[in-house]
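>>> Pasted the sequence and its predicted model underneath.
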Amino acid sequence: MTNKKIAVVAFGGNALLPSDQEGTQERQLENSDIAAERLVEFIHNGYELIIVHGNGPQVGNLVLQQEALKDSIPSYTLDYCVAMTQGSMGYMLENSIRYAFAKENIEKEIICIVSEVIVDKNDPGFHYPTKPVGPFYSTEQARNLIRSKQWSMVEDSGRGWRKVVASPVPKSIVGEEIIKNLVNDGVVVIAAGGGGIPVYFNEKGYLTGIEAVIDKDLAASLIASRSGAELFVILTEVEQVYINYGKPTQQPLTVLNIEDARKYRDQGQFPPGSMGPKIQAAIEFIRGGGKEVLITKAHRLAEAMKGETGTRIVP
């Protein structure tokens, strides 16, 4: 086995289930095919590939389904919901990528790994939940849910109110050496979907699940560092990172070093519910020895790979 040029790509669950679609299985399969066609770009550029997908809309729907049937069918905790959507989404993506490769005569194996990610049970995130999950609600709906269900809720980037849960920092990936070996052997690996299943070491020293959601960009950053990736790509809903986003003084950033990234973060330019975790994930990857982070919109990936758009974060 030789070390190869590796790219880790992270994209949100809304790539397969956009907010403006009804979310049927058929539509998600179509969206999975589109995502797979874009991922072929990395193979053409000589990269081995690790994929980390989000699962926010999918977990949100699963939670709603369980809530609707709670009186007749026992519900699962959030860690099990993450595991379920890792499996279902990995299945879709694996088949879509295999089909996209066949059309391009690319002979590579693809594998989805249902991944556990170790967190600290004493992480401050469990005391101050910040991770949005599930659908958006109006202000009036949010007030009712806070009162009736004692949910923690926040306003999310002007799009509505969402429930928030604990989002502990990922410490390590169970099986990370296996992921590294597979990708160096030329296998495309789908791992840590939805940020991974959150687990911690209990008092007996055994791993056990805990109800939380790990940020998928932070998990992807950790995988990128541990696998020796040189490129970490975050696909999101905007073409570039901006300062003063949504204001008349909005300004796109083409290249950003981590010192300036920290400065803008500390100024509050990158909200915690949207761009904040992506910038933090980029900083962690560069601090860990990574060479470059690329943040861009999925359908502009080909142009961004050529340097024509997107935001690059460098040492």
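That came through fine.
>>> Just checking: what are the partner strands of the helix or strand of the chain with the lowest mean pLDDT?
Every helix and strand in the chain was compared by mean pLDDT, DSSP states H and E; the lowest is strand 131-137, with a mean of 73. Take DSSP bridges as the rule and strand 131-137 pairs in its sheet with strand 161-165 (antiparallel).
>>> okay, the partner strand in CSV with CA atoms only?
This file holds the C-alpha atoms of strand 161-165, laid out as CSV (Å, rounded to 0.1, in the frame of the first residue of the first chain):
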residue,chain,number,x,y,z
TRP,A,161,-37.0,28.1,14.2
ARG,A,162,-35.5,24.6,14.8
LYS,A,163,-35.0,22.2,17.7
VAL,A,164,-31.4,22.1,19.0
VAL,A,165,-29.6,19.2,20.6
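>>> What is the helix or strand that comes right after the least confident helix or strand of the chain packed up against?
Heading C-terminal from strand 131-137, the first helix or strand you meet, by DSSP states H and E, is helix 139-149. On a contact count with 3 or more C-beta pairs under 8 Å, 6 or more residues apart in numbering; DSSP states H and E, helix 139-149 meets strand 153-155, strand 161-165. Quick note: C-beta positions are derived from backbone N, CA and C, even for glycine.
>>> The same query, at a cut-off of 7 Å, please.
Applying 3 or more C-beta pairs under 7 Å, 6 or more residues apart in numbering; DSSP states H and E, one finds that helix 139-149 contacts strand 153-155.
>>> could you check the angle helix 139-149 makes with the least confident helix or strand of the chain?
Relative orientation of strand 131-137 versus helix 139-149 (axes from the mean of the first three to the mean of the last three C-alpha atoms, to 10 degrees): 120 degrees.
>>> For strand 131-137, which outside residues touch it?
Strand 131-137 is contacted from outside by 56, 59-60, 63-64, 145, 154, 156, 159-167, 213, 215, 273, using C-beta atoms under 7 Å, 6 or more residues apart in numbering.
>>> which of those count as buried?
Among the contacts of strand 131-137, those buried by neighbour count (16 or more other C-beta atoms under 10 Å) are 56, 59-60, 63, 145, 154, 156, 160-167, 213, 215, 273.
>>> Relative to Glu22, how far out is Ala220?
With distances taken as C-beta to C-beta, to the nearest Å, Ala220 is found 28 Å from Glu22.
>>> Looking at the two, which is more packed in?
For Ala220 versus Glu22, neighbours defined as other C-beta atoms under 10 Å are more numerous around Ala220 (31 against 7).
>>> so that one is in which element?
Going by DSSP H and E, Ala220 is part of helix 216-227.
>>> residues in contact with the helix or strand following that helix?
As assigned by DSSP H and E, the chain's next helix or strand after helix 216-227 is strand 231-236. Here strand 231-236 makes contact (C-beta under 7 Å, 6+ apart) with 7-12, 47, 217, 220-221, 224, 278, 281, 285, 290-298, 301.
>>> quick one: strand 231-236 to helix 216-227, angle?
Going by the same axes, to 10 degrees, strand 231-236 makes 170 degrees with helix 216-227.
>>> got the CA coordinates for strand 231-236 in CSV?
This file holds the C-alpha atoms of strand 231-236, laid out as CSV (Å, rounded to 0.1, in the frame of the first residue of the first chain):
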residue,chain,number,x,y,z
LEU,A,231,-7.7,18.4,0.2
PHE,A,232,-10.8,18.9,2.3
VAL,A,233,-13.9,20.0,0.3
ILE,A,234,-17.1,21.3,1.9
LEU,A,235,-20.0,21.6,-0.4
THR,A,236,-22.7,24.0,0.8
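>>> Can you tell me the element Val9 falls in?
In this assignment (DSSP H and E), Val9 forms part of strand 6-11.
>>> residues in contact with the next helix or strand after that strand?
Once strand 6-11 ends, the next helix or strand along the chain (criterion: DSSP H and E) is helix 25-44. With C-beta under 7 Å, 6+ apart as the test, helix 25-44 has contacts from 7, 9, 11, 15-17, 21, 49, 51, 92-93, 96-97, 99-100, 104, 106, 298, 301-302, 305.
>>> got it, and stretch 56-74?
For stretch 56-74, contacts defined as C-beta under 7 Å, 6+ apart pick out 12-14, 17, 23, 75-76, 81-82, 84-85, 89, 133-135, 194.
>>> switch to 8 Å and redo it
Here stretch 56-74 makes contact (C-beta atoms under 8 Å, 6 or more residues apart in numbering) with 12-14, 16-17, 19, 23, 75-76, 78, 81-82, 84-85, 88-89, 132-135, 194, 213.
>>> So among those residues, which ones count as buried?
12-14, 16-17, 78, 81-82, 84-85, 88-89, 132-135, 194, 213.
>>> Mind listing the residues bridging to Val293?
Bridge pairing for Val293 - DSSP bridges - gives Phe232, Ile313.
>>> Run through the residues that contact it.
231-234, 281-282, 285-286, 312-314.
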